[in-house]
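[1] turn this into a structure:
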Amino acid sequence: MSTTTAPAPSPSQEEVKEKPLGGSFVGWASNYIDERTSLSGFVKELGRKIFPDHWSFMLGEIALWSFVAVLLSGTFLTFFFQASMVPTHYTGTFIPMRGVEMSAALDSTLNLSFDIRGGLLVRQIHHWAALTFVAGIGVHMLRIFFTGAFRKPRELNWVIGFILFILAMAEGFTGYSLPDDLLSGNGLRIIDGMVLGIPVIGTWTSFLLFGGEFPGNVIVGRLYTLHILLLPAILVGLLVLHLMLMVINKHTQFAGPGRQNSNVVGYPMMPIYMSKMGGFFFITFGVIVLIASLFTINPIWNYGPYDPSPVSAGTQPDWYIGFADGALRLVPPHLEFVWLDRTWSFNILIPLIVIGLFIVLVLIYPFIEGWVTGDKREHHIAQRPRNAPTRTAIGVAGVIFYAVLWAAASSDIIATHFSLTMEGVIHALQILLIVGPIIGYFVAKRIAIGLQKKDREIVLHGYESGRIVRLPGGEYIEVHQPVDEYERFKLADFEINEPLIVRPNAKGRIPWHEQLRSGMSRWFFEDRLIPLTQSELEAHTHHQHEELDEMAETEAAEIQGAHTRAGFPDAPLRPVDTSKSGEIPVRPTSVLATDQNAPQNGGRNVPAASENEPNPMADTDTVPSADLPATAEGDGDGRDKP
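    Numbering: from 1, shown residues only. Prediction:
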C-alpha cells in the first residue's frame, strides 16, 4: 500500500477557490456603483434596520405583493389589448360569438382569452390579484385602526394609505370597464347616471367623460390611459412614500418584555426579513395563480358586447364597488323635485353625500382623535383593541355600516336565493343600516371593557389552574396559577388616558368649540379602567406567592398528620412511582456523567456538584444566539448603539 502527498496549492489557486461564482464581478460592480453614488451607507443602514415580528404585520405585505402581481400580469396583457371602440365582427376561436358585432376592445379581449397561449390564465391572475390587492389594503388599514398605529407620528402615513385604498378601487374599476362587455357597460351606465344626478354640472361632466352622449366612442381609450399610466404612476409614488415614512417613523410593535416607545425589538432587515419577504412573495403569488387556475372570474364570453336592452339580472360589481351600488339601492324612492328649472335627484345626491362624508371622516380620523383626546405624545407601541374600547366601538360601527351597504348590492341575489321579497330585503337592510352601527357600537364597547376587566383579574389573581384544595376548616378553594412576568406585559395596560380639562381663556370664557372638545373627550374616555401601577402589581404578586406557599405548607402538614395517625410517620408526602418505564430520559449529549456523580450502593439520589463543577444531571435550556431577536435602543431609529 503506497501513499502519495498532494502538492500544496499555490496562493493564487486558494484565492480562486475561495471566491464564489461571479464574486469578482459582483465586487467590481458594487465598488463601481458605490464610488459614483455612495449607496453603501444607505444599504448598510437599511440592512441593519430592526423590524418587529408579528403575524398581523404580514397583511400589508399581502397588498404589496398582490400589487407586484398586478403589475407583472398587466404588463403582459398590455401587449395584446386594443383600447378602441371601433366596431368589428368577431372571427376568433370561440364559436358561439363568431360573427357578432362588437368593439375592438372586446374582440381583443376574447382573442387574448382563447387564442393567445396562457392569455386566459394571465387575465385571471390579473383580476384576482387586483381583488386581493384592494382586500389586502382594507384589512391592513383595519389592523392599523384597531391597534391605534395611526397616532403620532403616523397620521400622514394613514392619509397616504387611505388614498392608496381609494386609488386602488379606481384602478380596479377602470380595468373592470375596459373589455366593453355587457357587465362593464352596465357599470359605466350606473356611473353616468350618478354623474348626471349632480345638479348644474352633472350633464356637462358626463359629456366631458364620455365625449358626448353615453356611451360615446372614446371612454375605453380614456379609461385605458388612466388604468395603465396615470393611476399606476401615482400608486407607485405613494407606495414608495408610504414605505419610506414607515422606515423613518419606525414600525409599531406590540407590548412585550423590553419593548418601549424608545426602542424596537425584532430582527434586522438583512438577511432575515429579506428572506421572509422573498418567500412570502412567492407564497402570495402562488396562491393567486392557484385561485386563478381553479376559479373563473369575469367570463365576458357569457355576457357579450354592451347593449342597453339585454340587461341581465343578478349581475354584481367587483366587491370593492359594491358599497356604492348598495347605497343607490337603499335610498327611498320619489325624492326628485324641480327647483330653479333644475331637477334635484336626492335619490342620487344622498348616497353621494353619505359616501363622501364617510370617506372624509375615515381620511381625517387620526386628526379628529388627536384633537378630542389632546394626546400629543409619540406612540410606537400598538394597543390591543380592548384597551381602547371607544375607538374599537367606532371601528365596529363603521365596519357594520360598510357591510350593510355592501350586502345591499346583492339584494336581488339574497331575495332569489332565500325566497324573500325584494321589498322585504330592502326594508330590512334600510333598518339595519341605521340600527346596526348603533347596536354594534354599544356591544363592541361592552365586550372590550369586559375583556379589560378579565385581563386585570388574570394579572392580579392569576389563571384558573383547575386544582382544588381543601383547607383545614373544610373549605374547598381553587388554586390560581400566577401570571408569568412576560405574559404580564401583554395583559397589563400601563398607558394613562384622561379626559381633557377645559380652562377659561384670557377673557374668562370657555369658547363653544372647547366645550364641544371637552364633551367629546369625556365621551371618548368614559367607562375607562385606571391602569394598574407597578406597586399594585408587585403587591398582588407577593400576595399570590404567599398564598401558594401557605397552601403548600398546610397541605404538607395535613398529609404528614394523616401518615402519623395511620402509623407511618416516615411515609413520603408524595406517592412514589415504582413502575419501571422503558423510556430513557434524554440528557444533553455534550455532558458526560463522571464516576464521582454515579449513584453508589444502589442509592437513588445523585450528590450535588460543587460550585465549580456543573451538575451533569441538571436540566439546561440552550437557545442558539442566532434565534435571539435583536434590540435597537436609544433614539429608537432601529440602529445599534456601541
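
[2] confidence score at the closest residue to residue 254 other than its chain neighbours?
    Setting aside the residues directly before and after it, residue 254 is nearest to residue 382 in space (CB to CB, 6 or more residues apart in numbering), at 5.1 Å. (C-beta placed from N, C-alpha, C; glycine too.) With respect to pLDDT, residue 382 scores 91.

[3] tell me the phi and psi of residue 89?
    phi -120, psi 140 (degrees, to the nearest 10).

[4] you'd agree it is up against residue 101?
    Yes - judged on CB atoms under 8 Å, residue 89 makes contact with residue 101 at a distance of 5.6 Å.

[5] what's the strand ranked longest in the chain packed up against?
    Ordering each strand of the chain by length in residues (DSSP state E) puts strand 463-470 first. If you count contacts as 3 or more CB pairs under 8 Å, 6 or more residues apart in numbering; DSSP states H and E, strand 463-470 packs onto strand 476-481.

[6] what segments of the stretch 201-350 of the chain are helices?
    With helices called from DSSP state H, counting those that start in this stretch, the stretch 201-350 of the chain shows them at 202-210, 219-225, 231-249, 274-294, 322-330, 346-363.

[7] can you tell me which of those is nearest to residue 36?
    helix 231-249 (22.3 Å; CB to CB).

[8] contacts for the closest one, please.
    46, 49, 64, 67, 71, 153-154, 156-157, 160-161, 163-164, 167-168, 170-171, 174 (CB atoms under 8 Å, 6 or more residues apart in numbering).

[9] next, the buried residues of that helix.
    For helix 231-249, a neighbour-count test (16 or more other CB atoms under 10 Å) marks 231-232, 235, 239, 242, 246, 249 as buried.

[10] quick one: that helix to chain centroid distance?
    Counting by CA atoms, centre = their mean, to the nearest Å, helix 231-249 is centred 17 Å from the centre of its parent chain.

[11] before we move on, what about stretch 280-295?
    Centroid separation for stretch 280-295 versus its chain: 19 Å, with CA atoms, centre = their mean.

[12] then stretch 199-218?
    Distance, centroid of stretch 199-218 to centroid of chain: 39 Å (CA atoms, centre = their mean).

[13] now that stretch: mean pLDDT?
    The average pLDDT for stretch 199-218 rounds to 88.

[14] circling back: what about burial for the contacts of helix 231-249, which qualify?
    49, 64, 67, 154, 157, 160-161, 164, 167-168, 170-171, 174.

[15] any idea how far the residue lying closest to residue 86 once chain neighbours are set aside is from residue 328?
    In this structure, residue 86 finds its nearest non-sequential neighbour in residue 104, 4.8 Å apart by CB to CB, 6+ apart. Distance, residue 104 to residue 328, by CB to CB, to the nearest Å: 31 Å.

[16] low-confidence bits of the stretch 1-150 of the chain, can you list those?
    1-23 (pLDDT under 70).

[17] I meant the stretch 451-600 of the chain, not that one.
    471-473, 576-600.

[18] helices along that one, start to end?
    Using DSSP H, counting those that start in this stretch, helices in the stretch 451-600 of the chain cover 485-491, 512-524, 534-565.

[19] identify whichever of the ones you listed lies nearest to residue 370.
    With CB to CB as the measure, helix 512-524 is the member of these nearest residue 370 (11.2 Å).

[20] return the set of buried residues in that closest one.
    517-518, 520-521, 524.

[21] which of those sits closest to residue 286?
    residue 524 (44.1 Å).

[22] do you know how far that closest one is from residue 498?
    11 Å.

[23] please apply the same query to residue 424.
    In terms of CB to CB, residue 424 sits 48 Å off from residue 498.

[24] returning to that earlier point: tabulate the buried residues of helix 231-249 (CSV), appending distance to residue 182 and pLDDT.
    Below are the buried residues of helix 231-249 laid out as CSV (distance: CB to CB, whole Å; pLDDT from 0 to 100):
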residue, distance to residue 182, pLDDT
231, 24, 95
232, 27, 95
235, 29, 95
239, 34, 95
242, 37, 95
246, 43, 91
249, 47, 90
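
[25] so residue 63 sits against residue 137, correct?
    Yes - using CB under 8 Å, residue 63 is in contact with residue 137, at 4.7 Å.

[26] show the contacting residues for the nearest residue to residue 112 once chain neighbours are set aside.
    Distances taken as CB to CB, 6+ apart place residue 119 nearest to residue 112, at 4.2 Å, with adjacent residues excluded. Applying CB under 8 Å, 6+ apart, we find residue 119 in contact with 77, 80, 111-113.

[27] now residue 119: phi and psi?
    Residue torsions, per degrees, to the nearest 10, at residue 119 are phi -70, psi -40.

[28] hmm, residue 510 and residue 504 touching each other?
    Yes - at 5.5 Å, residue 504 and residue 510 qualify as touching, with contact defined as CB under 8 Å.

[29] tell me which of these two has more neighbours.
    residue 510 (13 against 10; other CB atoms under 10 Å).

[30] on that earlier part again, so which of the buried ones among the contacts of helix 231-249 sit within helices?
    64, 67, 157, 160-161, 164, 167-168, 170-171, 174 (DSSP state H).

[31] state the distance from residue 411 to residue 402.
    With CB to CB as the criterion, residue 411 and residue 402 are 16 Å apart.
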